[in-house]
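S.K.: need coordinates for the below:
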Amino acid sequence: METLQNKIDFAVVIAVRHANPNGDPLNGNRPRETYEGYGEISDVCLKRKIRNRMQDLGAAVFVQSDDKCSDGFRSLKDRADANPALAAALKAKDRERYARAACETWLDVRSFGQVFAFKKGKDDKDEGVSVGVRGPVSIHPAFSADPVIIDSLQITKSVNSITGDKKSSDTMGSKHRVDFGVYTTFGSINCQLAEKTGFTQADADLILQALRTLFENDASSARPDGSMEVLRVYWWVHNCKSGQYSSAKVHRLLKVEKRVEIPRSVEDYSITCGELEGLKAEVYDEF
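M.R.: Residues are numbered from 1 along each chain as shown. Have a look, this model is predicted:
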């Protein structure tokens, strides 16, 4: 199948209601925020959700989370070593062949790229591998349109975790959530890098589907069903490989502005998108 022939830019508008969209482990798992108080969802977090949706949509994924592992492998090295094409390329010490086989096998590798840097095990006769793949799909961290209000509450329990004479402490810790916020993230798909990884139009269509359904099967105690919502996806398809305009210029078209002093709902925001001559966005309104 032919690789992607038209550069693509995209933007996603996300609503967060009483949820922790991305906890910061260095800050007690509080929702990530900038020094100015704007909410943040890291690009790594967004890619994890996209990979999960790729799996749900039937695509093969290399970087699988433990709770969604579908092939039984307990590490990335085990998954790579079990692939015959990669094993043959490693034996031949052919890095280009190794990268090509990885891209052909896993959608997330030919989308986001991957660094294969594995030391050889005790029983391995072959040398370790160190291969880097640059992917065509890049995505920005998501930031809220305005500073967010973070609520913190204490969690208690009513049962003992371990059998004993004394009742354990009622206090378990703290739970944090964003009261309400509208976040935006942006991304691009580069045709030159798509040629190197074999990324196709069908792959781009699956990325679009993943973005539109980003929070399906993503519920947890920190993000109950319905608390995270994709409001709108903008999808710009340029008429050439290099793009009619720079990604920065395209991304600036999106404006998310509050209508009231303290927004409490989606209706309190105005979401608009400008236009550039010869480039029209496909808009997927999800709310």
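S.K.: from the contact counts, what lies against the helix or strand harbouring Leu211?
M.R.: For Leu211, the host element (DSSP states H and E) is helix 201-212. Judged by 3 or more C-beta pairs under 8 Å, 6 or more residues apart in numbering; DSSP states H and E, helix 201-212 is in contact with strand 8-19, helix 43-56, helix 107-112, strand 228-237. In short, each C-beta sits where N, CA and C put it, glycine included.
S.K.: quick one: which of those is nearest Val148?
M.R.: Of all the helices and strands packed on helix 201-212, strand 8-19 sits nearest to Val148, with 7.9 Å by C-beta to C-beta.
S.K.: show the average pLDDT along that closest one.
M.R.: For strand 8-19, mean pLDDT rounds to 97.
S.K.: list the contacts of the closest residue to Gln244 other than its chain neighbours.
M.R.: Distances taken as C-beta to C-beta, 6 or more residues apart in numbering put His238 closest to Gln244, at 5.0 Å, once the chain neighbours are dropped. By C-beta atoms under 8 Å, 6 or more residues apart in numbering, the contact set of His238 is 6-9, 244-245, 279.
S.K.: let's see that with 10 Å instead.
M.R.: 5-9, 188-189, 191, 244-245, 247, 250, 278-279 (C-beta atoms under 10 Å, 6 or more residues apart in numbering).
S.K.: quick check: bridge partners of the nearest residue to Met1 once chain neighbours are set aside?
M.R.: Nearest non-adjacent residue to Met1, counting by C-beta to C-beta, 6+ apart: Thr200, 4.8 Å away. Taking DSSP bridges as the rule, Thr200 bridges to Thr3.
S.K.: Ser246 versus the residue nearest to Gln244, what's the distance?
M.R.: Noted for His238: a distance of 11 Å to Ser246, by C-beta to C-beta, to the nearest Å.
S.K.: joint contacts of the two?
M.R.: Common neighbours of His238 and Ser246, using C-beta under 10 Å, 6+ apart, are 9, 188.
S.K.: ok, Ala202 - contacts?
M.R.: Applying C-beta under 10 Å, 6+ apart, the residues contacting Ala202 are 1-2, 4, 107.
S.K.: swap in 7 Å and give it another go.
M.R.: Applying C-beta atoms under 7 Å, 6 or more residues apart in numbering to Ala202 gives the contacts Met1.
S.K.: test my guess that Met54 contacts Trp106.
M.R.: No - checked against C-beta atoms under 7 Å, the pair Met54 and Trp106 is beyond contact range at 9.2 Å.
S.K.: rewinding a little: and the helix holding Leu211, how far out from the chain middle?
M.R.: Here the centre of helix 201-212 is set off from its chain's centre by 13 Å, with C-alpha atoms, centre = their mean, to the nearest Å.
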